[in-house]
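J.: Okay, predicted coordinates and the sequence, questions at the end:
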Amino acid sequence: MITNQLPPLFARKAFWCPISEVPALAFDHNKILDQALISLKTKLRIQPIGFELLPDKFSLGQLQKVYETILGTSLDKRNFRRKILNKGFLKPLQEKQKGVPHKRARLFEFDKEAYDKLKSEQFYFEF
């Protein structure tokens, strides 16, 4: 017999919150979360995984926000843009953001082919 009732689970209390406000979790889950964040920060600096967290077309502001959120720090806007554009794997589009309450920013795409060509060279995403 199928019912619409869910079994009694403690996961019903699940919620989203900033990483800095995660409460005490069961078992060793806080330790697991800490290790995952360290791993994510490390990987973010050596691979362009930030692009996986964005839509196919994105603004540099959106990309910077992803990096700032994961790294837990503010990044200088001009420095970030200069360094990320110099990497050579962002393709500028002839499109701008739509439906934003501020000046519409140019959109970009991640150019995987350009990245794959550079991948053989060792580089570091330091902002």
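T.: Received it, and whenever you're ready, just let me know what you need. Residues are numbered from 1 along each chain as shown.

J.: Buried residues in the longest helix anywhere in the chain, which are they?
T.: In the chain, with assignment by DSSP state H, the single longest helix is helix 29-46. Within helix 29-46, the residues scored as buried using 16 or more other C-beta atoms under 10 Å are residue 44. (Glycine included, C-beta is placed from N, CA and C.)

J.: That one - contacts with which helices or strands?
T.: Where contact means 3 or more C-beta pairs under 8 Å, 6 or more residues apart in numbering; DSSP states H and E, helix 29-46 is packed against helix 60-71.

J.: which residues are in contact with the helix it packs on?
T.: Helix 60-71 has contacts (C-beta atoms under 8 Å, 6 or more residues apart in numbering) with 40-41, 44, 50-51, 53-54, 74-75, 77, 80-81, 84-85, 105-106, 108, 127.

J.: Of these, which belong to strands?
T.: Among these, DSSP state E puts 106, 108 in strands.

J.: And the buried ones among the contacts of helix 60-71, selectable in PyMOL?
T.: The command below creates a PyMOL selection of those among those that count as buried (16+ other C-beta under 10 Å):
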select buried, resi 44+50+51+54+75+80+81+84+108+127
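
J.: which neighbours does the biggest strand by length in the chain have in its sheet, and in what orientation?
T.: Among the segments of the chain that qualify as a strand by DSSP E, the longest is strand 90-96. As defined by DSSP bridges, the strand partners of strand 90-96 come to strand 106-110 (antiparallel).

J.: Perfect, that will be all.
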